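Chemist: Need a 3D model of the sequence below.
(2 chains)
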Amino acid sequence: MNYPQELKYTKDHEWIRDNGDGTATIGITEFAQSELGDIVYVDIDTVGENVNKDATFGTVEAVKTVSDLFMPVDAEVLEINPALDAQPELVNEDPYGDGWMVKIKVVDAGQLSELLSADEYQDIIA
Amino acid sequence: MSELKRTPFFEVHEAAGARLIDFGGFEMPVQYRGILKEHEAVRSAAGMFDVSHMGEIMVSGTKSPDLIQYATINDVSKLVPGKIQYSAMCYDDGGIVDDLLVYMLSEDAYMLVVNASNKDKDLAWLLRLNEQFGADIEDVSDSMCLLAVQGPATEAILQQLTDVNLAEIGFYTFKTGKLADTSMIISATGYTGERGFELYFYTSGNSPTAVWNAIIQAGRLHDLMPAGLGARDTLRLEMGYALYGNDISAETNPLEAGLGWITKSAKGDFAGKKAIETVREAGISRTLTGFTTIDKRAIPRSHYAITTPDGEKIGEVTSGGKSPSLGVGIGMGYIQKNYAQPGTTICIEVRGTLYEAITQRPPFLKKK
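Modeler: Purely as a prediction, here's the structure:
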């Protein structure tokens, strides 16, 4: 499975990309999409809201299970990936690319460095 | 945790890339290439399921018809050799022990096919009832393989492997014969709503995996795919078939579960009859009802609350999900009888929000 080195990760199987401009992009990992199986709906209704680190910002519905999405850092949710409404399968097909979930404004940049590296994350799921 | 059992097909599942889960004490494939792909394969071509975890109980001897007539709620006297009947066993209080298939093998031999996770309690209940009958009961589950091949291409695929004329096997009947050089029961049954066959054969015969491989090979030009329990669940839900443990249980009686059509009180006495008749006279207060949601955020799941549009709780979802064929949320649940009329607007509570749903009589997927 693929875990890009330039991303940060959480033990809840989210990845986070620092966009370098005070914003970040968040999605779920290859491992997470594979464990969930076919994703049929992504339910995120927190746009414009402030969401604390580790709080739920949405839900992923797979055929068999429902899983919460946890915010990796204190954030303001700026945008949801608009493509997921019609094509939730993008999360399965391209979890780090077209299957991204939200863009956020990072409240405390220091929290980014506390997240897991690709190697640390792979140790957790090994 | 106790050791999980494996079917003779465990290695072929692993080789095919299956994800394996604990199901009824067995390590079973939940999916191979993906639930949606497998679901679609069964609806448009064919899928093969290993359902060897199911229990098979042989009941024989001159007392076997009397035992089965007493132990099950359907009228077993309607069977002739070669015919199959959907039925259920009930406790004395009317609660459902299990739903099952009754195969009439000969005048005094029957095969009961039961749910894997219920097999031990089914057997215990049967043995107890048998004290007044004296039939021979044998659990052959561990030595019996069961493959379900389902979908419109099934007959064309399997016909390549057998001299038995499959077109002559009508729904809910079976023939015995050789398929892929293996003696088996070829049964026109299934849990998907598609034309298909369930194949019962002993592990001691030709190698079970040789049968699996022969069917895979024969299915190659017909787009047959191995399919797991995940697709089995979405396929049965689209047809509104009850699943024991979700939609029916020892806490539900056949009348409220929509199984009145197999409850044959005119046949004479049977276990649970008195309780069921009391319920019939008093009238049921809740009934297993199908429904479809409208908003795509509303994917019903078991244990979600069912409410009136005003938010008053009137039931609970027992099975639900997004229908792969229809693209909408479908589900079943026990609803207070006065809200269960088809076409009634109800609500499903999803993560604290109420979403409208319309009650509907299954099947959700209407077949031609």
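Chemist: Close to chain A: what parts of chain B are there?
Modeler: By C-beta under 8 Å from any C-beta of the partner chain, the part of chain B that sits against chain A consists of B:19, B:30-31, B:34-36, B:230, B:233-234, B:296-297, B:299, B:301, B:321-322, B:324, B:351. Every C-beta, even on glycine, is put in place using the N, C-alpha and C of the backbone.
Chemist: again, only using 10 Å
Modeler: Contact residues (C-beta under 10 Å from any C-beta of the partner chain) of chain B with chain A: B:19, B:21, B:30-31, B:34-39, B:228-231, B:233-234, B:296-299, B:301, B:321-324, B:327, B:329, B:350-351, B:353.
Chemist: quick one: which of the residues you listed sit in helices?
Modeler: Members of the residues of chain B next to chain A lying in helices (criterion: DSSP state H): B:35, B:36, B:37, B:38, B:39, B:229, B:230, B:231, B:233, B:234.
Chemist: Whichever of those end up buried, select them in PyMOL.
Modeler: Per 16 or more other C-beta atoms under 10 Å in any protein chain shown, the buried members of these correspond to this PyMOL selection:
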select buried, chain B and resi 35+36+37+38+39+229+230+231+233+234
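Chemist: In terms of distance to residue B:272, which of the ones in helices among the residues of chain B next to chain A ranks first?
Modeler: Nearest to residue B:272 among these, counting by C-beta to C-beta, is residue B:233 at 27.4 Å.
Chemist: Now do the contacts for the closest one.
Modeler: Taking C-beta atoms under 10 Å, 6 or more residues apart in numbering or on different chains, we find residue B:233 in contact with A:63, A:64, B:30, B:35, B:39, B:191, B:241, B:243, B:246, B:319, B:321.
Chemist: Hmm, which of those residues is lowest in pLDDT?
Modeler: Ranked by pLDDT, the contacts of residue B:233 bottom out at residue A:64, which has 90.
Chemist: Quick check on the most centrally placed residue in chain A: phi, psi?
Modeler: Nearest residue to the geometric centre of chain A (C-alpha atoms, centre = their mean): residue A:27, 2.5 Å. The phi/psi pair for residue A:27 (degrees, to the nearest 10) reads phi -150, psi -170.
Chemist: residue contacts, it?
Modeler: With contacts defined as C-beta under 10 Å, 6+ apart, residue A:27 is in contact with A:7, A:13-17, A:33, A:69, A:81, A:84, A:90-91, A:94-102.
Chemist: List buried residues within those residues.
Modeler: In the contacts of residue A:27, burial by neighbour count holds for A:7, A:13-17, A:33, A:69, A:81, A:84, A:90-91, A:95-96, A:99-102, counting by 16+ other C-beta under 10 Å.
Chemist: What strands flank the helix-or-strand element of chain B with minimal mean pLDDT, and is each parallel or antiparallel?
Modeler: In chain B, no helix or strand scores lower on mean pLDDT, DSSP states H and E than strand B:19-23, which sits at a mean of 94. In the sheet, strand B:19-23 lines up against strand B:26-31 (antiparallel) (DSSP bridges).
Chemist: Run the chain-centre distance for the partner strand.
Modeler: 16 Å (C-alpha atoms, centre = their mean, to the nearest Å).
Chemist: cool, stretch A:40-50 as well?
Modeler: Centre-to-centre, stretch A:40-50 and its host chain are 12 Å apart (C-alpha atoms, centre = their mean).
Chemist: got it, and stretch B:332-348?
Modeler: Centroid separation for stretch B:332-348 versus its chain: 24 Å, with C-alpha atoms, centre = their mean.
Chemist: Now that stretch - C-alpha only, CSV.
Modeler: This file holds the C-alpha atoms of stretch B:332-348, laid out as CSV (Å, rounded to 0.1, in the frame of the first residue of the first chain):
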residue,chain,number,x,y,z
MET,B,332,-36.6,-3.2,7.0
GLY,B,333,-37.7,-2.8,10.6
TYR,B,334,-40.4,-3.5,13.1
ILE,B,335,-42.9,-0.7,13.0
GLN,B,336,-46.1,-0.2,15.0
LYS,B,337,-48.9,-1.7,12.9
ASN,B,338,-50.8,1.5,12.3
TYR,B,339,-47.8,3.1,10.6
ALA,B,340,-46.9,0.0,8.5
GLN,B,341,-49.4,0.4,5.6
PRO,B,342,-47.4,0.7,2.3
GLY,B,343,-47.0,4.3,1.2
THR,B,344,-46.9,5.7,4.8
THR,B,345,-44.4,8.5,5.4
ILE,B,346,-42.1,7.6,8.4
CYS,B,347,-38.7,8.9,9.4
ILE,B,348,-35.4,7.3,10.1
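Chemist: which of the residues in it are buried?
Modeler: Buried residues in stretch B:332-348, defined by neighbour count with 16+ other C-beta under 10 Å: B:332, B:333, B:334, B:335, B:336, B:339, B:340, B:344, B:346, B:347, B:348.
Chemist: Distance to residue B:290 added to the contacts of residue B:233, as a markdown table?
Modeler: Below are those laid out as a markdown table (distance: C-beta to C-beta, whole Å):
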| residue | distance to residue B:290 |
| --- | --- |
| A:63 | 19 |
| A:64 | 20 |
| B:30 | 24 |
| B:35 | 21 |
| B:39 | 18 |
| B:191 | 17 |
| B:241 | 11 |
| B:243 | 13 |
| B:246 | 13 |
| B:319 | 10 |
| B:321 | 13 |
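Chemist: Tell me which of these fall in strands.
Modeler: Secondary structure from DSSP state E places B:30, B:319, B:321 of the contacts of residue B:233 in strands.
Chemist: nearest to chain A, of the residues you listed?
Modeler: Closest approach to chain A among those (C-beta to the nearest C-beta): residue B:321, at 6.4 Å.
Chemist: so that closest one touches residue B:304, yeah?
Modeler: No. Residue B:321 lies out of contact with residue B:304 (C-beta atoms under 10 Å); the separation is 11.3 Å.
Chemist: so where do the strands sit in chain A?
Modeler: For chain A, applying DSSP E gives strands covering A:8-9, A:14-18, A:23-28, A:39-43, A:50-51, A:56-62, A:66-70, A:75-80, A:102-106.
Chemist: can you put those in a markdown table and add mean pLDDT?
Modeler: Formatted as a markdown table, these follow (pLDDT from 0 to 100):
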| stretch | mean pLDDT |
| --- | --- |
| strand A:8-9 | 98 |
| strand A:14-18 | 97 |
| strand A:23-28 | 98 |
| strand A:39-43 | 96 |
| strand A:50-51 | 97 |
| strand A:56-62 | 97 |
| strand A:66-70 | 96 |
| strand A:75-80 | 97 |
| strand A:102-106 | 98 |
